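Visitor: Mind looking at a prediction? Sequence and model below.
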Amino acid sequence: MFRQPKVSKIYCDQTNLELGFIGKTEAIIATIAKHKQEVASLASEMAGQSDGSGIENSQILLEILNKIHDIAEQGGVYCSCGNTDVDVDVLVDAVELSCPQCEGRLLISAKDEQALARLSAMEVLEIAPLRRTSRK
């Protein structure tokens, strides 16, 4: 039976952000290739949009994801409840950051160059907890 080489992720102790991989070189290269393939697959899906906006939007989305990653590497992605373990959902024209602890959400538009420019000016992405309303 063939055994897949193991790759472990390295995380920052303070922010719990993923810093990289450790393991055999071949396994790390395969893991990175898989991640690139997933991004390419997402871009291909978006490129198939009937209005023709998919190719442009996929490039903007990729740049938005890169910027969010850069902000996260600097410890700038967190929830105001204090949680730094944030989930990311990639949508067709947005990226949603969510806090599994308080269910807070932050929707970041990825529709156009203006959205990218707005995000590029930010150094912090703070998720706000959901507001609970009570009815009497």
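Guide: That came through fine.
Visitor: could you pull out the strands for the protein?
Guide: Taking DSSP state E as the criterion, the chain contains strands spanning 7-11, 18-23, 77-79, 87-90, 94-98, 105-109, 125-127.
Visitor: which one of those strands is the most hemmed in?
Guide: Among the strands of the chain, the stretch with the highest mean neighbour count (mean count of other CB atoms under 10 Å) is strand 77-79, at a mean of 22. Using the backbone N, CA and C atoms, a C-beta is placed for each residue, glycine as well.
Visitor: what's it packed up against?
Guide: Strand 77-79 makes packing contacts with strand 125-127 when contacts are defined by 3 or more CB pairs under 8 Å, 6 or more residues apart in numbering; DSSP states H and E.
Visitor: what pairs with the strand it packs on, and is each one parallel or antiparallel?
Guide: Paired with strand 125-127 in the same sheet, following DSSP bridges, are strand 77-79 (parallel).
Visitor: still on that earlier bit, how about the strands of the chain in CSV, adding distance to Ile64?
Guide: As requested, these are arranged in CSV below (distance: least, CB to CB, whole Å):
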stretch, distance to Ile64
strand 7-11, 23
strand 18-23, 18
strand 77-79, 13
strand 87-90, 9
strand 94-98, 6
strand 105-109, 6
strand 125-127, 11
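Visitor: could you dump the ones you listed to JSON lines with mean pLDDT and distance to Ile68?
Guide: Shown next, in JSON lines, are the strands of the chain (pLDDT from 0 to 100; distance: least, CB to CB, whole Å):
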{"stretch": "strand 7-11", "mean pLDDT": "81", "distance to Ile68": "17"}
{"stretch": "strand 18-23", "mean pLDDT": "81", "distance to Ile68": "13"}
{"stretch": "strand 77-79", "mean pLDDT": "93", "distance to Ile68": "7"}
{"stretch": "strand 87-90", "mean pLDDT": "90", "distance to Ile68": "7"}
{"stretch": "strand 94-98", "mean pLDDT": "93", "distance to Ile68": "6"}
{"stretch": "strand 105-109", "mean pLDDT": "94", "distance to Ile68": "7"}
{"stretch": "strand 125-127", "mean pLDDT": "94", "distance to Ile68": "7"}
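Visitor: Before I go, just wanted to say thanks for your time.
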